[in-house]
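K.L.:
Have a look at this prediction, sequence included:
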Amino acid sequence: DKDSNKNGNILLCYTNTSRAFNGSFSGSINREHVWPDSKGVGKSGPGSDAHHLRPCDLSLNSSRGNLDFDEVSNGRYASENGITTQNKVGSNAFEPQDSTKGAIARIIFYVGMHYGPDSSYNLTIVDTIGNGKGKSIGKLSTLLKWNLEHPVDEIEQNRNQEVEKIQGNRNPFIDHPEFACKILGDYNEATRAICK
């Protein structure tokens, strides 16, 4: 997550804000489990997968909590380091700002497929919100929409390269975003309409 434009800085989840980093996830920067720990990721497997974990501002991470992802019509804007962001928090969902929506969707697709029902983790992407604890996260139709509307950017491509060097695999949804609709697009009428 290093900022290639500023030595010693990293890019934070949900905003791509560049912030100085001393190598310690303490203080105002912590590790964000994009698929929340309370939704079945644990400490190993998905809980330690570099394609999944992102550095995040502590207050923004706290605002997101373990909410599902969806578009939020009524809610509040979350803050990062005391500055209001374009990330919205509702009662049952969190909406990342536009610049990170596609990246978040592709992280969720990766975790859901790599650690899904065919694995011992049994994580599932569903087309609902308000899923609370358990092993499901949503909202699939919204995530598919974000994947289509917000293409892979240079930050995602660079991160995919660096993670491959560390753990030996890539996020295929970054290399081939079209896989999301091919694999998950036939879930229900809403997903079929988005992926047509």
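P.N.:
Perfect, thanks for sending it.

K.L.:
Would you map the strands across this protein?
P.N.:
Using DSSP state E, the strands of the chain run over 9-11, 18-20, 29-33, 53-57, 68-69, 76-80, 83-89, 93-95, 124-126, 136-138.

K.L.:
remind me which residues of the protein are low pLDDT?
P.N.:
Filtered on pLDDT under 70, the chain yields no residues whatsoever.

K.L.:
for it, what's the longest helix?
P.N.:
Assignment by DSSP state H gives helix 98-114 as the longest helix of the chain.

K.L.:
Counting by contacts, list what that one packs against.
P.N.:
Judged by 3 or more Cβ pairs under 8 Å, 6 or more residues apart in numbering; DSSP states H and E, the packing partners of helix 98-114 are strand 68-69, strand 124-126, helix 140-149, helix 154-167, helix 172-175, helix 179-184. All C-beta spots, glycine's among them, are computed from the backbone N, C-alpha and C.

K.L.:
any chance of these in CSV, plus mean neighbour count?
P.N.:
What follows is the helices and strands packed on helix 98-114, written out as CSV (neighbours: other Cβ atoms under 10 Å):
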stretch, mean neighbour count
strand 68-69, 25
strand 124-126, 19
helix 140-149, 23
helix 154-167, 14
helix 172-175, 20
helix 179-184, 18
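
K.L.:
ok so, going back, figure out how far the longest helix of the chain is from the centre of its chain.
P.N.:
Relative to its chain's centre, helix 98-114 lies at 5 Å (Cα atoms, centre = their mean, to the nearest Å).

K.L.:
Check which residues of that helix are buried.
P.N.:
Buried positions in helix 98-114, judged by neighbour count with 16 or more other Cβ atoms under 10 Å: 100-114.

K.L.:
try stretch 118-137
P.N.:
In stretch 118-137, the ones that count as buried by 16+ other Cβ under 10 Å are Y121, L123, T124, I125, V126, D127, I129, N131, K135, S136, I137.

K.L.:
now, which of the residues you listed sits nearest V89?
P.N.:
Sorting these by distance to V89 puts I129 at the head of the list, at 12.5 Å, by Cβ to Cβ.

K.L.:
so that closest one makes contact with E71?
P.N.:
No: contact criterion Cβ atoms under 8 Å: I129 and E71 do not qualify, at 10.0 Å.

K.L.:
Quick check: neighbours shared by these two?
P.N.:
Here I129 and E71 share the contacting residues A93, scored by Cβ atoms under 8 Å, 6 or more residues apart in numbering.

K.L.:
who's in contact with F179?
P.N.:
Shown here is F179, whose contacts under the criterion Cβ under 8 Å, 6+ apart are F109, P172, F173.

K.L.:
Try it again at 6 Å.
P.N.:
The contact partners of F179, by Cβ atoms under 6 Å, 6 or more residues apart in numbering, come to P172, F173.
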